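**Student:** All I have is the shape, not the residue letters:
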């Protein structure tokens, strides 16, 4: 999508379940729609038996992105796989550091961030901003700071939304992408 439309996607942390405490909770949810979509795309999908807090994982992702922006997407993909395919404990700083082992992120700096919670306020701020947009779940997409689209969507929906955003920008005299 990014190449097809010459756009940039920015990932923002969103603490979907701030009420979940250390150790997580048993997963009693069904993920039939997500499982169906994953199967259609040929993606592995193994819902975890425990839903764990994501605060440390979000901090790790923020740190990796700041240290090595070119590795951010790869790190997000690894976090997704750690939860939904491998059922790894994303509360364990050692796992989060290992997932970042071949990025440009300094493992010592990452360990310090995870130990001190130095980036936690960034998660709180980003989540608060999402709530202001009316976001209550993931994924959610905000286009050009104008329109929010919730949920998993197919490529046709994104293509229409992106095309419409560029039409609006062109109409207003913004020619840059």
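**Tutor:** Received, thanks. These numbers come from a predicted model, not from an experiment.
**Student:** Now do the phi/psi pair for residue 134.
**Tutor:** Backbone geometry at residue 134, expressed as degrees, to the nearest 10, gives phi 90, psi 10.
**Student:** With residue 94 as the reference, measure out to it.
**Tutor:** 37 Å (C-beta to C-beta, to the nearest Å). All C-beta atoms are positioned from the backbone trio N, CA, C, and that covers glycine.
**Student:** neighbouring contacts of the longest helix belonging to the chain?
**Tutor:** Identified as the longest helix of the chain according to DSSP state H is helix 155-171. Outside helix 155-171, the residues within contact range by C-beta atoms under 8 Å, 6 or more residues apart in numbering are 1, 4, 5, 7, 141, 143, 144, 146, 147, 149, 175, 177.
**Student:** And this protein, what are its domain boundaries?
**Tutor:** Domain assignment for the chain by automatic domain parsing gives 2-123, 139-177.
**Student:** quick one on the thing from earlier: restricted to helices, list the contacts of helix 155-171.
**Tutor:** Reading helices off the contacts of helix 155-171 with DSSP H, I get 4, 5.
**Student:** The contacts of helix 155-171, buried ones only, as a PyMOL selection?
**Tutor:** Selecting only the buried entries of these in PyMOL, with 16 or more other C-beta atoms under 10 Å as the criterion:
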select buried, resi 5+7+141
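**Student:** looking at the domains of the chain, which is closest to residue 129?
**Tutor:** Closest approach to residue 129 among those (C-beta to C-beta): domain 2-123, 7.7 Å.
**Student:** Let me know whether residue 152 touches residue 139 as I believe.
**Tutor:** Yes: Residue 152 lies in contact with residue 139 (C-beta atoms under 8 Å); the separation is 6.4 Å.
**Student:** Can you give me the distance of residue 160 to residue 152?
**Tutor:** Relative to residue 152, and taking C-beta to C-beta, residue 160 is found at 16 Å.
**Student:** and if you look at residue 39?
**Tutor:** For residue 39, the distance to residue 152 - C-beta to C-beta - is 13 Å.
**Student:** and the residue nearest to the spatial centre of the chain, what is it in contact with?
**Tutor:** The chain has residue 11 as the residue nearest its centroid, 5.6 Å off, counting by C-alpha atoms, centre = their mean. By C-beta under 8 Å, 6+ apart, the contact set of residue 11 is 61, 65, 72, 76.
**Student:** Swap in 10 Å and give it another go.
**Tutor:** The neighbours of residue 11, taking C-beta atoms under 10 Å, 6 or more residues apart in numbering as the test, are 58, 61, 62, 65, 72, 73, 75, 76, 126, 139.
**Student:** Report the secondary structure element holding the first one.
**Tutor:** It refers to residue 58. helix 55-67 (DSSP states H and E).
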